[in-house]
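Enquirer: next one to model:
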Amino acid sequence: MSLGMKKQGLHLTGEKSFSYASILLSFLALSIVLILAWYVFDKGDVKPDGAGPAKNAEGLNIDKASANNQQSEVVEVVQKVSKHIMLPQSDVTVVTVTDADLLRSRNPLYFQFVKNGDKIIRYALGLIVYDLEQDIIVDVIRLFPEQVVTGPGSKKTTE
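Expert: The predicted model follows:
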């Protein structure tokens, strides 16, 4: 009778170790699938040619004024926007949208609310679309480090 119990006990122990191994293997496989899915979906919003939202400088324009006027415009826009949202203390670029349709055609998700004449305040990790006439923030766009590129012709200055 005791021999039968020992066999049964050994058999149960073997089943338990098998179930622990299968649970561990299932958890590992599920983790790998979730990590791959996150990577694929996270990278899915970047265009294959690498043209993210910060790289589309064609529809943006800085007024052809002197450097002092540009700097005063930057300070003025940043002061107005800072009444609505806390801004980071870092380099900032202020550009004026001259061709909203071109921006929307390049990236309809990021520039869906942009219209001609809006100001785009560009920080290291984001864009703020600001309507100067209505004094409202139209959109806040978060950029991730692989998307952040300074566009040509932009004037950077610090606060």
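Enquirer: just the CA atoms of the host helix or strand of Q79, as CSV, please.
Expert: Taking DSSP states H and E as the criterion, Q79 maps to helix 67-82. The C-alpha coordinates for helix 67-82 follow below in CSV (Å, rounded to 0.1, in the frame of the first residue of the first chain):
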residue,chain,number,x,y,z
ALA,A,67,16.5,88.4,-36.5
ASN,A,68,15.3,90.9,-33.8
ASN,A,69,11.7,90.7,-35.2
GLN,A,70,11.9,86.9,-35.3
GLN,A,71,13.1,86.8,-31.7
SER,A,72,10.4,89.2,-30.6
GLU,A,73,7.8,87.1,-32.4
VAL,A,74,9.0,84.0,-30.6
VAL,A,75,8.9,85.7,-27.2
GLU,A,76,5.4,87.1,-27.9
VAL,A,77,4.0,83.8,-29.1
VAL,A,78,5.6,81.8,-26.2
GLN,A,79,4.2,84.3,-23.7
LYS,A,80,0.7,84.0,-25.1
VAL,A,81,0.8,80.2,-25.2
SER,A,82,2.3,79.9,-21.7
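Enquirer: C-terminal to it, what's the next element?
Expert: Taking DSSP H and E, what comes next after helix 67-82 is strand 91-97.
Enquirer: quick one: pLDDT of V114?
Expert: V114 is assigned a predicted lDDT (pLDDT) of 91.
Enquirer: what about the residue nearest to it when sequence neighbours are not counted, distance to I32?
Expert: Leaving aside its sequence neighbours, V114 sits nearest to A100 (CB to CB, 6 or more residues apart in numbering; 4.8 Å). Using the backbone N, CA and C atoms, a C-beta is placed for each residue, glycine as well. Separation of A100 from I32 (CB to CB, to the nearest Å) stands at 42 Å.
Enquirer: comparing these two, which shows the higher neighbour count?
Expert: A100 (17 against 10; other CB atoms under 10 Å).
Enquirer: contact partners for that one?
Expert: Counting by CB atoms under 8 Å, 6 or more residues apart in numbering, A100 touches G59, F111, V114, K115, N116, D118.
Enquirer: great, nothing more from me.
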